[in-house]
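Trainee: just need the structure, nothing else, for what follows:
(one chain, ligands or ions: 1)
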Amino acid sequence: MGQQLGWGRRYLMVRPDHFRIDYVINPYMSTQDQPDPELTMRQWNSLRLAIIDAGGEVEVLEQRPDSPDMVYAMNLGLATAPTEDASGGRAMLSHMRFEPRRKESLTAAGWFTGHGFELDRTGGDGVGPHFESGDAFVFGDSLVVGYGPRTEEDALKHLAAGWNIRVRGLRITHEGMYHLDLPFCPIDSTHALVYPPALDPASQAELFGIVPDPIVLTDEEAFAFSGNSLVVNETVIMPACSTRLHDILTGLGLRVVVLDLSEFHKGGGSARCLTNPLDFDLAAASVVGGEVVLPG
Ligand code: ARG
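Mentor: As a prediction, the model looks like this:
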């Protein structure tokens, strides 16, 4: 049995006042299928309240009218908790792959610095490697980073050297699983939900090396966004949960809360995508000079 995760108690969410599908950058999006604004707000609030109910904290940022995808706050930046010596946390700002999402980073930068985070970035305005924080999780002895569809391999070097950490890369090859937060969800220190077909064969092997107790999702579970869940203390907040998964998770002593987040699935994101953890702890990944471990 694993230990509770050392992060996932404090989140940043973006209130979806301007959520719509203006462009198509993933296979779930269609400009013909627009979200209902009222239902969107109700679903978003249910997620915010579920996090608070589980003992978590939520900071809310207003959405830019010109950035419909900004509701997927998970991509605003990779943030670490303040350290014991009371210095602020750090944030690696995302450098979005697609131009229509890049203005989000302007507002995110202001929010992070305004809240005491020291800011870093892999690039900006298309110059320097792309990095989208929906691809990055602390797990075990490293920062695990998915690359390919969004984050570029060069961003891993930047993260490792800039922050003196061990980064383990996983190459994503499935077009429907463009961020690591779709096929990978840490549950506790040893368990994670995983969907191996999202990755190339060498990365699948690497994934099973990283996760001591993998809970392998079926195709149906993965495409219902079950991997896009979050754990707050002993509660798992999920957009969908099969009976099989429910049994496994409650068997680990967790409480499962299932929320309808259908409107956000129209943009290709769910519970995890809507929430940016602000309290990652990189201590276990720290290595002087940094280190990148690639699959194969
Ligand atoms: N429409 C958004 C995009 O394609 C969805 C982002 C989903 N967020 C996530 N963390 N996976 O960028």
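Trainee: for the residue nearest to the spatial centre of the chain, which non-adjacent residue is closest in space?
Mentor: With distances taken as CA atoms, centre = their mean, residue 134 lies nearest the centre of the chain, 3.6 Å away. Take residue 134 and drop its neighbours on the chain: the residue closest to it by CB to CB, 6 or more residues apart in numbering is residue 179, 3.6 Å away. C-beta here means a position set from N, CA and C on the backbone, and glycine is covered the same way.
Trainee: got the contact list for stretch 102-118?
Mentor: For stretch 102-118, the external contacting residues (CB atoms under 8 Å, 6 or more residues apart in numbering) are 12, 59, 61, 64, 66-67, 69-70, 75-77, 79, 82, 87-91, 93-96, 119, 121, 124-126.
Trainee: near the ligand, which residues of the stretch 101-250 of the chain?
Mentor: Neighbours of the ligand within the stretch 101-250 of the chain, by CB under 6 Å from any ligand atom: 101, 134, 179, 181, 182.
Trainee: between the residues you listed, which is nearest residue 253?
Mentor: Nearest to residue 253 among these: residue 181, at 23.4 Å, using CB to CB.
Trainee: that closest one belongs to a helix?
Mentor: No. Residue 181 is assigned coil when assessed by DSSP: H, G, I helix; E, B strand; the rest coil, not a helix.
Trainee: list phi and psi for it.
Mentor: The phi/psi pair for residue 181 (degrees, to the nearest 10) reads phi -70, psi 0.
Trainee: what do you get for residue 201?
Mentor: phi -60, psi -40.
Trainee: ok so, going back, which ones among the contacts of stretch 102-118 map onto strands?
Mentor: 12, 59, 61, 77, 79, 90, 91, 93, 119, 121 (DSSP state E).
Trainee: ok, now which ones touch residue 256?
Mentor: Shown in contact with residue 256 (CB under 8 Å, 6+ apart): 235, 236, 238, 241, 246, 249, 250.
Trainee: pipe these into a markdown table and attach distance to residue 289 per row.
Mentor: Converted to a markdown table, the contacts of residue 256 look like this (distance: CB to CB, whole Å):
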| residue | distance to residue 289 |
| --- | --- |
| 235 | 38 |
| 236 | 36 |
| 238 | 38 |
| 241 | 42 |
| 246 | 44 |
| 249 | 38 |
| 250 | 43 |
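Trainee: which of these sits closest to residue 215?
Mentor: Closest approach to residue 215 among the contacts of residue 256 (CB to CB): residue 249, at 8.0 Å.
Trainee: doesn't that closest one lie inside a helix?
Mentor: Yes. The assignment for residue 249 by three-state DSSP puts it in a helix.
Trainee: for the residue of the stretch 1-150 of the chain found nearest the ligand, give its distance to residue 118.
Mentor: Per CB to the nearest ligand atom, residue 134 is where the stretch 1-150 of the chain lies closest to the ligand, at 2.8 Å. Between residue 134 and residue 118 the computed distance is 21 Å (CB to CB, to the nearest Å).
Trainee: for the nearest residue to residue 41 once chain neighbours are set aside, what are its contacts?
Mentor: Using CB to CB, 6+ apart and skipping the chain neighbours, the partner closest in space to residue 41 is residue 16 (6.4 Å). Contact partners of residue 16, counting by CB under 8 Å, 6+ apart, are 40, 41, 44, 63, 71, 264.
Trainee: quick check: pLDDT value at residue 16.
Mentor: As predicted, residue 16 sits at a pLDDT of 98.
Trainee: give me the phi and psi for it.
Mentor: The phi/psi pair for residue 16 (degrees, to the nearest 10) reads phi -80, psi 60.
Trainee: okay, now the sheet partners of the helix or strand that contains residue 192, with direction.
Mentor: Element membership for residue 192, per DSSP states H and E: strand 191-194. Partners of strand 191-194 in the sheet, by DSSP bridges, are strand 184-186 (antiparallel), strand 213-216 (parallel).
Trainee: convert the C-alpha atoms of the longest one to PDB, please.
Mentor: If I follow you right, that is strand 213-216. The C-alpha trace of strand 213-216 is given here as PDB (Å, rounded to 0.1, in the frame of the first residue of the first chain):
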ATOM      1  CA  ASP A 213       1.600  -0.700  -8.900                       C
ATOM      2  CA  PRO A 214       0.000   0.300 -12.200                       C
ATOM      3  CA  ILE A 215      -3.800   0.300 -12.500                       C
ATOM      4  CA  VAL A 216      -4.200  -0.300 -16.300                       C
END
